[in-house]
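Peer 1: Below: sequence and its predicted model.
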Amino acid sequence: MQIVTENDYPVESSWILKIPVNFLIVTFFIAVFLGLKLLSISILSNEGGVVFLVVMGILVATMVGIGFLSTIVAALSRDNFHYSVEKEFMVFHQGIISKQQKNLPYGVIQDLIVTQDIADRLFGLASITIENASFGGGQVYARGRQAGALIGFIGNIVVIPGLTIQNAIALRKILLSKMKEYSSVDRMSGL
């Protein structure tokens, strides 16, 4: 069998744009909520208009800065994330500063999930989440997703985001066939 890599099913460049889009959406809702609150305060005081403009300026500048830095980190993470579907296991490489490698036998894969959030739908993308059977992964995954766009592995979770929908479905099919082929071998090993 030919080895399948991220070159065959790449993380699209448009995935990086999800970061600023998500920050713009969050900034908009925070600005509306905070703006209404500050506007009600400014009506009651003489200097309220100045306070309103200063607070809104700080909020927007902070969110733009965080969005910009997060976009840079996402771009570097994408460039330093590599995976391959090999004969007996899947291999992942990641890390901007500290390089890491993970070999995941197909027989220990417990779940394959293809997901799309709102930003994925805007860009026509999907993510594959691969979960193995080790303890405590769901909590790690939840923390990782709350922290922002996750790429790569953390705990017993691997996320390959930014795939086209067709590529996500095709890669899932390949992994499901590998899981079926190796299920009795690796599950007996106790991994």
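Peer 2: Nice, I can see it.
Peer 1: Okay, now the unreliable bits of this structure?
Peer 2: Across the chain, the ranges flagged by pLDDT under 70 are 1, 38-49, 51-52, 134-149, 184-191.
Peer 1: buried stuff in the helix ranked longest in the chain?
Peer 2: Secondary structure of the chain per DSSP state H: the longest helix is helix 48-79. Buried residues in helix 48-79, defined by neighbour count with 16 or more other Cβ atoms under 10 Å: 52, 55-56, 59, 63, 66-67, 70-71, 74, 77-78. For glycine as for every other residue, the C-beta is placed from the backbone atoms N, C-alpha and C.
Peer 1: any idea how far residue 75 is from residue 117?
Peer 2: Separation of residue 75 from residue 117 (Cβ to Cβ, to the nearest Å) stands at 19 Å.
Peer 1: Equivalent analysis for residue 180, please.
Peer 2: 29 Å.
Peer 1: Look at those two and report which has more neighbours.
Peer 2: residue 117 (15 against 11; other Cβ atoms under 10 Å).
Peer 1: Quick check: the more buried one vs residue 102, distance?
Peer 2: Separation of residue 117 from residue 102 (Cβ to Cβ) stands at 24 Å.
Peer 1: same thing with residue 22?
Peer 2: Computed as Cβ to Cβ, the residue 22 to residue 102 distance reads 26 Å.
Peer 1: Over to residue 55?
Peer 2: Per Cβ to Cβ, residue 55 is found 44 Å from residue 102.
Peer 1: Equivalent analysis for residue 26, please.
Peer 2: On the measure of Cβ to Cβ, residue 26 and residue 102 end up 31 Å apart.
Peer 1: Okay, domains of this structure per the record?
Peer 2: Structurally, the chain divides into domains by automatic domain parsing as follows: 13-76, 86-187.
Peer 1: Appreciated, that's everything.
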